[in-house]
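>>> need coordinates for the below:
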Amino acid sequence: MKKITLFSDGSALGNPGPGGYGAILRYGEVEKVIRGGEAHTTNNRMELLGVIEGLKALKEPCDVTIISDSSYVIKGINEWLQGWIKRNFAKVKNPDLWLEYLEVSTPHRIYGEWVRGHNGHPENERCDQIAREEAEKFKQGLNNNG
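Below you'll find the predicted structure:
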């Protein structure tokens with residue numbers, strides 16, 4: 001299995017508000033940047049969507065280390081997900097995205113690693129910048145429409 005590192009971050013301007021995500025997939029020296037967003041969303045949804053979209057970009061089963069500053073995402077992956085499945089996602093926020101995460105993560109071996117945000121981690125800072133740029137695009141679009 002290829003060893004992949006997936007760096008990811010999400011942002012929302014207002015919570016909820018316009019949001020964006022940024023992800024960097026790294027295999028050896030090769031990087032792929034993934035970006036996107038939504039007009040009306042939350043920070044946690046964007047954090048998780050960045051991971052989902054990063055995993056969707058993988059073409060074969062991989063050994064994936066997900067690096068994020070979102071304790072919601074990392075604890076969700078490493079600690080909470082099995083309990084949520086047993087409870088059929090009762091009282092869990094964003095069950096639609098967690099179900100999508102389960103679907104796209106199935107072929108892979110996944111390990112989540114938390115890093116402190118805004119603490120000089122180069123890839124986390126890049127993902128944060130991408131996420132904020134994407135959120136700003138949606139904010140500008142909203143401003144242009146009224």
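
>>> contacts, neighbours, all on C-alpha from now
Noted.

>>> so which helix or strand takes in the residue most central in space within the chain?
Nearest residue to the geometric centre of the chain (Cα atoms, centre = their mean): residue 50, 2.7 Å. Counting by DSSP states H and E, the element that carries residue 50 is helix 43-56.

>>> what's the first helix or strand after that helix?
Next element after helix 43-56 (DSSP H and E): strand 62-68.

>>> which elements pack onto that following strand?
Applying 3 or more Cα pairs under 8 Å, 6 or more residues apart in numbering; DSSP states H and E, one finds that strand 62-68 contacts strand 2-12, strand 109-114.

>>> most neighbours per residue, which of those?
Sort these by mean neighbour count, taking mean count of other Cα atoms under 10 Å, and strand 2-12 sits at the top with a mean of 25.

>>> so how far is the helix-or-strand element of the chain with minimal mean pLDDT off the chain centroid?
Of all helical and strand segments in the chain, the minimum by mean pLDDT, DSSP states H and E falls on helix 122-144, at a mean of 89. Relative to its chain's centre, helix 122-144 lies at 14 Å (Cα atoms, centre = their mean, to the nearest Å).

>>> what residues does that helix touch?
Contact with helix 122-144 is made by 7-13, 18-24, 35-39, 67-69, 117-118, as judged by Cα atoms under 8 Å, 6 or more residues apart in numbering.

>>> cool, stretch 78-91 as well?
With Cα under 8 Å, 6+ apart as the criterion, stretch 78-91 contacts 92, 95, 111, 112.

>>> and those as CSV, adding pLDDT and distance to residue 82?
Below are the contacts of stretch 78-91 laid out as CSV (pLDDT from 0 to 100; distance: Cα to Cα, whole Å):
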residue, pLDDT, distance to residue 82
92, 94, 12
95, 97, 13
111, 96, 14
112, 97, 14
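
>>> including distance to residue 73, could the residues you listed go into JSON lines?
Formatted as JSON lines, these follow (distance: Cα to Cα, whole Å):
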{"residue": "92", "distance to residue 73": "13"}
{"residue": "95", "distance to residue 73": "13"}
{"residue": "111", "distance to residue 73": "11"}
{"residue": "112", "distance to residue 73": "8"}
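
>>> which of the contacts of helix 122-144 are buried, as a ChimeraX select command?
Buried members of the contacts of helix 122-144, defined by 16 or more other Cα atoms under 10 Å, are picked up in ChimeraX with:
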select :7,8,9,10,11,12,13,18,19,20,21,22,23,24,35,36,37,38,39,67,68,69
